[in-house]
Each structure stands twice: as structure tokens, then as C-alpha cells.
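Novice: Got a predicted structure plus its sequence, pasted below:
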Amino acid sequence: MLKVEGINVYYGNIHALKDVSLEVNSDEIVALIGANGAGKSTTLKTISGLMRSKTGSITLMGEDISRTDAHKLVSKGLAHVPEGRRIFLQMTVQENLEMGAYTQPAYLKQGIKDVFERFPRLKHRKNQIAGTLSGGEQQMLAIGRALMSRPKLLMLDEPSMGLAPILVQQIFDIIKELHDTGTTILLVEQNAEMALRIADRAYVLESGRITVSGTGRELAQSDSIKKAYLGG
Ligand SMILES: Nc1ncnc2c1ncn2[C@@H]1O[C@H](COP(=O)(O)OP(=O)(O)OP(=O)(O)O)[C@@H](O)[C@H]1O
Ligand SMILES: [Mg+2]
């Protein structure tokens, strides 16, 4: 579904991604883990067209998208839930969801119904201003808004960040459910333990380079990964 080959991305003279290559096959959950500043968010931003690579290529469902505008990628089936949620804080829950459907106007009514079915907490709060939602509810809204574009590939940047353990579990359950209902997922997480548990495959980024890859299980059992990312 997604193939990233040899990308190099810079912020001025900071070389943020160094020859990064990765693949996400249809129906997989692929996790990208790594320390703060490793380049995880930059990887997602480059895939979704917000940053440009100097080299290499990015292919989505067989089409080279390395020069495609971000907004066009949404209609091609790519959705990106950025770090820190970035919902429209002044708008209501319902309005946020409507904004998410701009590439799929015909799906608007059904989409909202589907999102409310998946997230009953949002349904009860549909007229609430998004900025007054709790952190977990805001994350649900950010995911719900992304689902309004009917993505084939959903990229999530640290969806569990800042959430209490019970909500972290809920968010991971939702990711699993989305996967089970046919959405392919690229998941960036600091919570390596939870991410490796649900991932089919995973990559480790260190200072802008992919250093390790394997199945979620292989990585969870690797001594060096345990030491560096799983608290011993
Ligand atoms: N807008 C920017 N301008 C300059 N440097 C940046 C910018 N954004 C990111 N960087 C640098 O690029 C590198 C990779 O950052 P990135 O945000 O991709 O890391 P990350 O793995 O997502 O980290 P975190 O876990 O903290 O979110 C870091 O060294 C960071 O300081
Ligand atoms: Mg990040």
C-alpha cells in the first residue's frame, strides 16, 4: 500500500531523515518507534506531503506521491492524525467532523453516523465546543475527523500521548478495531510496549535512521529493544 524508499529530509541544515525506507502492506498495522527527536513525526509529515524529501520516492497504492500536495492525498485515501491532535478548538464536535468530510461530501451523513457509533462519547457531546473536551475525547475526535475522509491508510502520530492508562487502552482498542474493519495503519508511538503488542511489523528510528525492523513480536523480545524502549 505504501512504499517509502531512501528519503532524506532537512530542516535548514538539520538532516532529520537519513535514507529512510519503509513499507506498509495492505491490512497491516505497522509501528514506528523511537526516542524524542528521532524523526518519527517528520516521517509522517513527509509521507502526507507537508515536508519534501530531497531524494528517493514515496509510493501510495502504486502511484508516486512524493510531489503530490497534501490536500490531494486525502482524496487518494491517506489520512494523518498529527501529533497534538490539532482539532478545531473553537468549533463543535459535529462541525469538526463535517470539516473532515470535505473530500467525501456524499459520505457526510453516513460518516457522522459511523463515527458516533464508534465513539458514543462524541455523540453525547456533538454540540460541545471541541476545546472543552477532555484530552481523550479530543483524541477520539481527531481520529473520528480523519475517518470522515474514509482513509485506506491511516497514520496516527502518538495517539496515546498524555492520556491516562485506561484511555490509552481504549485508544489502542480503537486502533485494533479500525484495523479489523479494513483500515491499514501506520502508528507512531512513544509507548513502544503497547505499539509492539498490536503491530504486525515495526521499525525503529534512531537519529533519523531506521536501525531495526521486524515483526512486532520479534522487536518486543529483542534485548536491545527491551533495554532502550521497554524499560529494561
Ligand atoms: N520545524 C523544525 N525546524 C527545525 N528542526 C526541526 C523542526 N521540526 C523537527 N525538527 C528537528 O528534526 C528532528 C526530528 O524531529 P521529529 O519531530 O520528527 O521527531 P519525533 O521522533 O517525532 O520526536 P518526538 O517523539 O519528540 O515527537 C529533531 O531533531 C527536531 O529537533
Ligand atoms: Mg513527534
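Specialist: Thanks, I have the structure now. Ligands and ions are numbered 1, 2, ... in the order given.
Novice: Spell out which parts of this structure neighbour ligand 2.
Specialist: Lys40, Ser41, Glu83 (C-beta under 5 Å from the ion). C-beta here means a position set from N, CA and C on the backbone, and glycine is covered the same way.
Novice: tally of neighbours for the first one?
Specialist: Each residue near Lys40 was counted by other C-beta atoms under 10 Å, and the total is 22.
Novice: shouldn't it be in contact with Val188?
Specialist: Yes - using C-beta atoms under 8 Å, Lys40 is in contact with Val188, at 4.4 Å.
Novice: list the residues that contact both of the two?
Specialist: Counting by C-beta atoms under 8 Å, 6 or more residues apart in numbering, the shared contacts of Lys40 and Val188 are Leu32, Ile33, Asp157, Glu158.
Novice: mind listing what's buried in the helix or strand bottoming out on mean pLDDT in the chain?
Specialist: Across the helices and strands of the chain, mean pLDDT, DSSP states H and E gives its lowest value to helix 223-229, namely a mean of 87. Of the residues in helix 223-229, those with enough neighbours to count as buried (16 or more other C-beta atoms under 10 Å) are Ile225, Ala228, Tyr229.
Novice: how about the nearest residue to the last one, chain neighbours excluded?
Specialist: Think Tyr229. Closest residue to Tyr229 apart from its sequence neighbours, by C-beta to C-beta, 6 or more residues apart in numbering: Ala192 at 4.0 Å.
Novice: which residues sit in contact with the closest residue to Lys76 other than its chain neighbours?
Specialist: Among residues not flanking Lys76 along the chain, Leu60 sits closest, at 6.2 Å (C-beta to C-beta, 6+ apart). Leu60 makes contacts with Met1, Leu2, Leu73, Lys76, Gly77, Leu78, Leu153, as judged by C-beta under 8 Å, 6+ apart.
Novice: What is the neighbour count of the spatially closest residue to Ala38 that is not a sequence neighbour?
Specialist: Leaving aside its chain neighbours, Ala38 sits nearest to Leu205 (4.2 Å; criterion: C-beta to C-beta, 6+ apart). As a burial measure, Leu205 scores 24 neighbours (other C-beta under 10 Å).
Novice: and what of Asp19?
Specialist: Counted with other C-beta under 10 Å, the neighbours of Asp19 add up to 13.
Novice: ok but it is inside a strand, no?
Specialist: Yes - judged by DSSP: H, G, I helix; E, B strand; the rest coil, Asp19 forms part of a strand.
Novice: Reformat the shared contacts of Lys40 and Val188 as a markdown table; add secondary structure and pLDDT.
Specialist: What follows is the shared contacts of Lys40 and Val188, written out as a markdown table (DSSP: H, G, I helix; E, B strand; the rest coil; pLDDT from 0 to 100):
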| residue | secondary structure | pLDDT |
| --- | --- | --- |
| Leu32 | strand | 98 |
| Ile33 | strand | 96 |
| Asp157 | strand | 97 |
| Glu158 | coil | 96 |
